[in-house]
Structure formats: C-alpha cells, structure tokens
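*Asks:* model the structure of this input:
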Amino acid sequence: MRSAIVALAALASSVSAVGNAIVKNNCPSTFYLWSVGGSIGPEVAVAPGKNYTEVLRRDPTSGGVALKITRTAGGLFTGAPTQIFSYTLDGAQVWYDLSTVFGEPFAGSHLTVTANGGGTIDWPQGTHPGGSQVKVAPSGSNVVFTACA
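*Replies:* Next up is the predicted model:
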C-alpha cells in the first residue's frame, strides 16, 4: 500500500499542468475561428475586445492543432483568406507557428504570438516577414495570438 502511494505521488509530481492557446481580438471587427485537428470544431465568432481560449492539447489523429481564422463567417469553407495559428504539444514543450493560406486576412494589422519562456512571433504588417516562424515554449505556458496588437 505504501509503495502504491509513493508511486502515485511520484506520478502526480511528474505530470505538469498544460497552458492554453489564447486568441485575442484587438481589431475593430469580429472574426471567425475554427479549431482544427483530426476534425473541424464549430465556428466561433470572436468579437472585438474578446478572447477565445482552449487548453493546449495533442490531437490524437494529426498530432497538432490549427486555429484557423477568417474575417468572414463561414470563410473556412469558402476559400477566404485564412490566418493559421498552429501548435503541437510535445511532452514538456509546445511548438507554435503562424502562417496563412488563400491570402493574408490581417494585412496592414500588427500580429503577434507570445508565450512565457518562449520566442515571440511578430508580423508588424500582418504579413509573413520571411524566415522560420516556428517557436517553442514550456508546455505550461499560455501561447497567445493577438490580432491588431
């Protein structure tokens, strides 16, 4: 019994809390977000001044998660310009990146991704500035994408 309690205590101390993926809308208009891994989550309208938050997770099918953001409702299914804030939870670390597809929905707006203990992704003009954008932080960190920073 005593060894079982010691083993459980050791296991509990080795499991660390994970952070959150947070999307902040500092823009003057609503945008639309889908959490995509092995399947597509429901559309979420993120109003000005509001946030979307999900606990960092590892998708069992794809391994990673992409938070896909468009400026138009239903835009994920119509080929609208899409901002992609993606992350992969890998044990003690979370890897994160910023990219676009079908255009740049936030061109002209400052975009950032920050995490405690991790690197910052900074797109001053809302467009890819070139070079690798992949960063890494401890898995307990909140990883925050801010539109119109």
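*Asks:* now do the strands in the protein.
*Replies:* 20-25, 31-36, 44-46, 51-55, 65-70, 82-90, 93-101, 111-115, 121-123, 135-138, 143-147 (DSSP state E).
*Asks:* which neighbours in the sheet does the last one have, and how are they oriented?
*Replies:* When pairing is defined by DSSP bridges, strand 143-147 lines up against strand 20-25 (parallel), strand 111-115 (antiparallel).
*Asks:* contacts for it?
*Replies:* Strand 143-147 has contacts (Cβ atoms under 8 Å, 6 or more residues apart in numbering) with 19-27, 31, 56, 67, 69, 83, 85, 87, 94, 96, 98, 106, 109, 111-115, 118, 137. No exception for glycine: its C-beta is placed from N, CA and C like everyone else's.
*Asks:* cool, the third one as well?
*Replies:* Identification of contacts with strand 44-46 by Cβ under 8 Å, 6+ apart yields Val23, Asn25, Thr30, Phe31, Tyr32, Leu33, Trp34, Ser35, Tyr52, Ile69, Ala73.
*Asks:* hmm, 10 Å instead?
*Replies:* Residues outside strand 44-46 that contact it (Cβ atoms under 10 Å, 6 or more residues apart in numbering) are 23-25, 27, 30-35, 50, 52, 54, 67, 69, 73, 147.
*Asks:* among those, which ones are buried?
*Replies:* The neighbour-count test (16 or more other Cβ atoms under 10 Å) marks 23-25, 27, 31-35, 52, 54, 67, 69, 147 as buried among the contacts of strand 44-46.
*Asks:* of the residues you listed, which is the nearest to Phe77?
*Replies:* The shortest approach to Phe77 among the buried ones among the contacts of strand 44-46 belongs to Trp34, at 9.3 Å (Cβ to Cβ).
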